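**Student:** build me a structure from this.
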Amino acid sequence: MSVNRNSSLGVVVFLTSMIESISLIFCMDFNCCVYFSDLSNNYAILFKHTAPKNLAFKNEIVMLITLALKEIGQEKVTQKQILRIKEILHKESKEQIFKDLKLMPNWVRKIIINAYE
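**Tutor:** As a prediction, this is how the structure comes out:
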């Protein structure tokens with residue numbers, strides 16, 4: 001996934017190779033954003049407010065993993081999901097990932113650390 005961020009107002013472009021699509025979010029101001037996509041399927045998109053800490057990660061992959069795990073919930077994470085996280089993280093530098101440990105909840109941090117053991 002590639003992300004191009006252009007200031008707090010402006011354009012965010014997502015190029016997602018997994019689903020071979022191009023998506024564009026254009027924010028005209030802080031109250032209105034428009035989402036454009038070349039996907040033919042009807043997908044629902046939910047925008048949620050979050051604390052700046054949740055977007056302060058240096059590594060985008062670990063940020064997405066952390067946000068996904070928090071959304072799933074500690075009690076609902078499956079072993080299959082943890083194995084997939086391990087597969088993804090083994091492609092990433094341990095040192096780069098560990099720089100973001102302080103931004104994760106303890107239970108997510110344990111999953112990330114265990115992925116490298």
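
**Student:** check contacts around W107.
**Tutor:** The contact partners of W107, taken as C-beta atoms under 8 Å, 6 or more residues apart in numbering, are Q74. Every C-beta, even on glycine, is put in place using the N, C-alpha and C of the backbone.

**Student:** what's the local residue count around the closest residue to L89 other than its chain neighbours?
**Tutor:** Of all residues not flanking L89 in the chain, A115 sits nearest, at 4.6 Å (C-beta to C-beta, 6 or more residues apart in numbering). By other C-beta atoms under 10 Å, 19 other residues sit near A115.

**Student:** pretty sure A115 sits against E92.
**Tutor:** No - using C-beta atoms under 8 Å, A115 is not in contact with E92; the gap is 9.6 Å.

**Student:** tell me how the chain divides into domains.
**Tutor:** According to automatic domain parsing, the chain comprises the domains 2-37, 52-115.

**Student:** of the ones you listed, which shows the lowest average pLDDT?
**Tutor:** Comparing mean pLDDT across those, the weakest is domain 2-37, with a mean of 51.

**Student:** could you pull out the helices in the chain for me?
**Tutor:** 60-72, 79-89, 94-98, 106-115 (DSSP state H).

**Student:** distance to T50 added to these, as JSON lines?
**Tutor:** As requested, the helices of the chain are arranged in JSON lines below (distance: least, C-beta to C-beta, whole Å):
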{"stretch": "helix 60-72", "distance to T50": "8"}
{"stretch": "helix 79-89", "distance to T50": "20"}
{"stretch": "helix 94-98", "distance to T50": "20"}
{"stretch": "helix 106-115", "distance to T50": "15"}
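
**Student:** quick check: which of the ones you listed is nearest to P52?
**Tutor:** Of all those, helix 60-72 sits nearest to P52, with 12.3 Å by C-beta to C-beta.

**Student:** the closest one: which residues count as buried?
**Tutor:** 61-63, 65-67, 69 (16 or more other C-beta atoms under 10 Å).

**Student:** could those residues be laid out in TSV, adding distance to N54?
**Tutor:** Shown next, in TSV, are those (distance: C-beta to C-beta, whole Å):
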residue	distance to N54
I61	15
V62	12
M63	8
I65	12
T66	8
L67	7
L69	12
